[in-house]
Every structure is written in structure tokens, then in C-alpha cells.
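Peer 1: Could you look at this predicted model? Sequence included:
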Amino acid sequence: MKFELTENVIEPSKLREQMLSLSAGAYCSYEGWVRDHNKGKTVSELHYSCYPELAPSVAGAILAEAKEKFKIKDAAIVHRSGTLQIGEIAVWIGVTADHRDATFSASRYIIDNVKFRLPVWKKETYKDSKSSWIENHICG
Amino acid sequence: MKFELTENVIEPSKLREQMLSLSAGAYCSYEGWVRDHNKGKTVSELHYSCYPELAPSVAGAILAEAKEKFKIKDAAIVHRSGTLQIGEIAVWIGVTADHRDATFSASRYIIDNVKFRLPVWKKETYKDSKSSWIENHICG
Amino acid sequence: MNVKVLYFAQLADLAHKTEETLELEDPSAEALYNKLKSDYSFPHTFTQLQVAINHQLSAHKTPLEDGDQIAFLPPMTGG
Amino acid sequence: MNVKVLYFAQLADLAHKTEETLELEDPSAEALYNKLKSDYSFPHTFTQLQVAINHQLSAHKTPLEDGDQIAFLPPMTGG
């Protein structure tokens, strides 16, 4: 089980490779992408402020809960920090298990909890150069 | 929306690239992997028999249903045929949407229906060289 | 009339062929299947199978016509 | 006693800093936050925020001690 907070572009094919297992039958991955629009506004870039000293313990708790609740083999969370361009990956989740049911349930559990519990805050910059911290979650 | 039945090794990074979209905020993918065991037996390889003239219309119907039921942007199914080694990808599903909820629901809907409706049949060969067509679905 | 029968998976293994053309008098898919089941020791009953005629899923009662291609499909196990 | 306050996101923007060390007499995190809210026009009420002391999520009522690092965390919006 792995968590990483990174300023670098997330590379899903490398992360997927780390999940490979000959005894797993199912793999589910989720990616949150930076969209070019939100609530009718044209987004030009995104900035994530984060609390790097707190994030690992929160992510570790989320992963441990997923492992306890669902019959999974492995799970991982990678979240970007800093400034992101449109189309970049904001968050990547990967889960392996014997069967598909657990991979879907655990992936969903993890991303839902990451959004509400990981100490990361999103600021959108719009085409008109204004920017704002996102107040409430638009689930994406 | 895309469906492919292929004798070649499935390459998820290439398939993912075809799903990229600047207006999508969420991407979920699912892979079924050939496991080294099933029901307590050691599996050495897998063979998929398929009905290539029927599969595209069934897959097309599943994708169209997913698009109608869930608010997704795009969805794709790729299934292997022929002989597969342990660790290879048997099936790949990819879904994009504005929000995560639709990607998870649609991916789940598609893989569930692929397993029960796509005209593909799995034969497992075991370490003792015996082989058998899988009778009932062990969801994986 | 002549009908081409397509065999997949277990049915192809048991019939030792992937297709054959048969001359029929009865247009019933069920009658055809029951003859094949007896000839090749197919394990499924007719209602356990899906029927495809000319590469389209079809109702079990659809009458066969000359030149049709028919396949009897065991429960699918893809994925 | 001295306490280091860490600011993130909107709070860092409003405070124009990411951290500062303050001298306190009252060990209440709520009293500290209400002073900062007034100084920097933070929009949240104390109960809308989570509290982290020394990089661990902590109960709102936990008394502060000399040398603590405290952060007031707005609702998270990652992912």
C-alpha cells in the first residue's frame, strides 16, 4: 500500500506496473483529470495547496480502512501538488484484488475519502485570470 | 465508443491515450488479469473461444446502454481471444465522464454485462495439463 | 433445406468441428439441437443455451430457413 | 508560551504568510482561531475547520502547549 504526494506529472503506466501481481484477477484504477471548465467557467489552470506533514497519515488511514472493509490485495494513492495544467492527472488510485467487486468498491471508497479527508485544497484559475479556492466539492 | 476483440496482448497505456479528453474530469479503467490459480487449482494458461461475428453487436448494445444509463462521455471494451499466459490482460474497460460517480457505475455495468453477455468462453488449463471450460462465473 | 451450424467452446470440442452444414426438414431450432445433443453428447438443455441465427441473437422459437447459419451458445464466461 | 501557526490554502492567502509564531497566554485553540479570524478576516467559523496539532488531527478542545505547531484546516477539496 502506497501513498505519494508529488509535484511531478503523474505517470499512470508506471504506477500500474507497480501493482502487477500474478495472483490478482482484477485491477481497477481511477484518475481525476483537470478539466477545462467548471460550473460554466473556463478553467486555465489549477493549483493544489497541501499539508505534506499530515497527508501521509490520513492517506495511510484511508488505505488501511479500504483493506479492512474490502477483500483487496493492494491499493495505492498518488496526489499532485503545485500547479497543474488542463488535462493533467490530479489524483490516481489503483486497486488489485482477486475479484472485480472488491476493486470497484475499494477504489470508490478511497477516492471518496481522499476528496473529503486528504489535506489538499484546490484553487482554480479562470480564463479571465481570476482565481478562487473551491469552497464545496463538485464531485469529479 | 469502441469495441475490439483481439488476439494480441492488450496495451492499456495505448488504450488510455485514446480516451484522453480535456473536458472530462474522471477516468475509470478496469482490467481482468489471468490469475495463476482458480478454485484451489494452479492455472498454467487460459484460452478464450469467441464468436467474432456476434460479439460487436453485443458489445455495442452494452456500451449504448451504459451511455444511456450513466452520464458518461466515452466508454470502450477490449477483450482478448486465443491463448493467454498468466498475468496477461483478458479484458480492458475504460470510461470517461465529467464526474467520478458515472465512471464507476458505467465501468461496473459494462464489465458485469461483458461477463454474462459477450459471446466469449473461457477454458482453463491446469498445471497437471488437464483443462476445462468454465461452467459458471466466478466473478473476477 | 440446408442450415449451417456453428460450434463454439465446449460444443466445438465435443462435436470435433467448428461448423457443419446439415439438411433439415423440421425448421425447429429445438429439434435440431436435441438431435445434435444426442449425437455429440452436449451437456446443456436447449433452454440453457442462447440461439444466434445469422449472427444475431434470436428467440428460441424462431423457425429456421434455408441457408441460415445457427449457433447454440453455452452460458458466456468472458472477462 | 509560544505556538507556531501553519496556514494553508485560502488562510495562507488571507494571512499573507504560511506560518508564524505567536506568544499566547490562553491554551484554547478556539480563542487563538477567533483572534486570527478577526485579524485576517478568515471566512470560516472555528467549528467549520479541522485542527491539527503537531501534524496530527486533534480534537477542537485539545489545550495548546508551549512549542506546539497548530494548523486550522478548511474543508478539504482534493481529488
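Peer 2: All right, it came through fine.

Peer 1: does any part of the helix or strand of chain A with the lowest mean pLDDT sit near chain D?
Peer 2: One helix or strand of chain A scores below all others by mean pLDDT, DSSP states H and E: strand A:37-38, with a mean of 88. No - contact of strand A:37-38 with chain D is not found when judged by C-beta under 8 Å from any C-beta of the partner chain; the minimum separation is 11.6 Å. Quick note: C-beta positions are derived from backbone N, CA and C, even for glycine.

Peer 1: So what are the sheet partners of that strand and their directions?
Peer 2: strand A:41-50 (antiparallel) (DSSP bridges).

Peer 1: Can you give me the buried ones in the partner strand?
Peer 2: By neighbour count on 16 or more other C-beta atoms under 10 Å in any protein chain shown, the buried set for strand A:41-50 is A:43, A:46, A:47, A:48, A:49, A:50.

Peer 1: Hmm, the fourth one is touching residue A:89, no?
Peer 2: To tie it back to what came earlier, the one meant is residue A:48. No - counting by C-beta atoms under 8 Å, residue A:48 stays clear of residue A:89, with 11.7 Å between them.

Peer 1: Return every residue with contacts to both of the two.
Peer 2: residue A:80 (C-beta atoms under 8 Å, 6 or more residues apart in numbering or on different chains).

Peer 1: For residue C:15, what are phi and psi?
Peer 2: Here is the backbone geometry of residue C:15 (degrees, to the nearest 10): phi -80, psi -10.

Peer 1: So residue A:26 versus residue B:65, what's the distance?
Peer 2: 22 Å (C-beta to C-beta, to the nearest Å).

Peer 1: Compare those two (neighbour count), which wins?
Peer 2: residue A:26 (25 against 14; other C-beta atoms under 10 Å in any protein chain shown).

Peer 1: Looks like the more buried one contacts residue A:106 (just checking).
Peer 2: No - the criterion here is C-beta under 8 Å, and residue A:26 misses it with residue A:106 at 10.3 Å.

Peer 1: contacting residues for residue A:28?
Peer 2: Residue A:28 touches A:94, A:95, A:100, A:103, A:104, A:106, A:107, B:28, B:29, B:30, B:31, B:107, counting by C-beta under 8 Å, 6+ apart.

Peer 1: mind running it again at 10 Å?
Peer 2: A:72, A:75, A:93-97, A:100, A:102-108, B:28-31, B:93, B:104, B:107-108, B:111 (C-beta atoms under 10 Å, 6 or more residues apart in numbering or on different chains).

Peer 1: Could you find the closest non-adjacent residue to it?
Peer 2: Take residue A:28 and drop its neighbours on the chain: the residue closest to it by C-beta to C-beta, 6 or more residues apart in numbering or on different chains is residue A:103, 3.7 Å away.

Peer 1: Next up, identify which helix or strand the one you found is on.
Peer 2: Using DSSP states H and E, residue A:103 falls within helix A:100-117.

Peer 1: Could you check how far the closest residue to residue A:57 other than its chain neighbours is from residue D:30?
Peer 2: Excluding the flanking residues, the one nearest residue A:57 by C-beta to C-beta, 6+ apart is residue D:56, at 6.9 Å. Separation of residue D:56 from residue D:30 (C-beta to C-beta) stands at 18 Å.

Peer 1: mind listing the strands for chain A?
Peer 2: Assigned by DSSP state E, the strands in chain A fall at A:2-6, A:26-33, A:37-38, A:41-50, A:72-80, A:82-85, A:89-97, A:120-126, A:131-133.

Peer 1: Now the closest residue to residue C:6 other than its chain neighbours: which helix or strand?
Peer 2: Nearest residue to residue C:6 in three dimensions, chain neighbours excluded: residue C:71, at 4.0 Å (C-beta to C-beta, 6+ apart). Applying DSSP H and E as the criterion places residue C:71 in strand C:69-73.

Peer 1: quick one, what contacts residue C:2?
Peer 2: Contacts of residue C:2 by C-beta under 10 Å, 6+ apart are C:21, C:22, C:23, C:24, C:64, C:66, C:67, C:68.

Peer 1: among those residues, who's most crowded?
Peer 2: Ranking those using other C-beta under 10 Å puts residue C:64 first, with 21 neighbours.

Peer 1: Which phi and psi values does that residue adopt?
Peer 2: phi -80, psi 150.

Peer 1: List the contacts of the strand holding residue C:71.
Peer 2: B:51, B:53-54, B:119, B:121, C:3-9, C:11, C:19, C:21-22, C:24, C:29, C:32-33, C:36-37, C:42, C:44, C:46, C:48-55, C:57-58, C:62, C:64.

Peer 1: Pick out the residue of chain C closest to chain A.
Peer 2: Chain A sits closest to residue C:79 of chain C, with a gap of 8.0 Å, by C-beta to the nearest C-beta.

Peer 1: For chain B, see how far away the closest residue to residue C:30 other than its chain neighbours is.
Peer 2: Leaving aside its sequence neighbours, residue C:30 sits nearest to residue C:46 (C-beta to C-beta, 6+ apart; 5.0 Å). Using C-beta to the nearest C-beta, to the nearest Å, residue C:46 is found at 17 Å from chain B.

Peer 1: so how far is residue B:54 from residue C:46?
Peer 2: In terms of C-beta to C-beta, residue C:46 sits 18 Å off from residue B:54.

Peer 1: which of these two has more neighbours?
Peer 2: residue B:54 (22 against 17).

Peer 1: My guess is the more buried one contacts residue B:118. True?
Peer 2: Yes - the pair residue B:54 and residue B:118 passes the contact test of C-beta atoms under 10 Å, sitting 9.0 Å apart.

Peer 1: count of neighbours near residue C:50?
Peer 2: For residue C:50, using other C-beta under 10 Å, the count is 17.

Peer 1: er, residue C:20 I mean
Peer 2: Residue C:20, neighbours per other C-beta under 10 Å, totals 12.

Peer 1: what does residue A:93 give?
Peer 2: 28.

Peer 1: which residues does the residue nearest to it when sequence neighbours are not counted contact?
Peer 2: Computed as C-beta to C-beta, 6+ apart, the closest residue to residue A:93 that is not its neighbour in sequence is residue A:30, at 4.4 Å. By C-beta under 10 Å, 6+ apart, the contact set of residue A:30 is A:77, A:91-95, A:104, A:107-108, A:110-111, A:114, B:26-29, B:100, B:103-104, B:107, D:79.

Peer 1: Ok, residue A:125 next?
Peer 2: Residue A:125 neighbours (C-beta under 10 Å, 6+ apart): A:43, A:44, A:45, A:46, A:47, A:83, A:131, A:132.

Peer 1: can you check residue A:82 too?
Peer 2: A:5, A:6, A:7, A:8, A:46, A:47, A:48, A:49, A:50.

Peer 1: Identify the residue spatially nearest to residue A:109, adjacent ones excluded.
Peer 2: residue A:66 (5.2 Å).

Peer 1: right, and the one you found touches residue A:95 too?
Peer 2: Yes - if you go by C-beta under 10 Å, residue A:66 and residue A:95 touch, sitting 7.5 Å apart.
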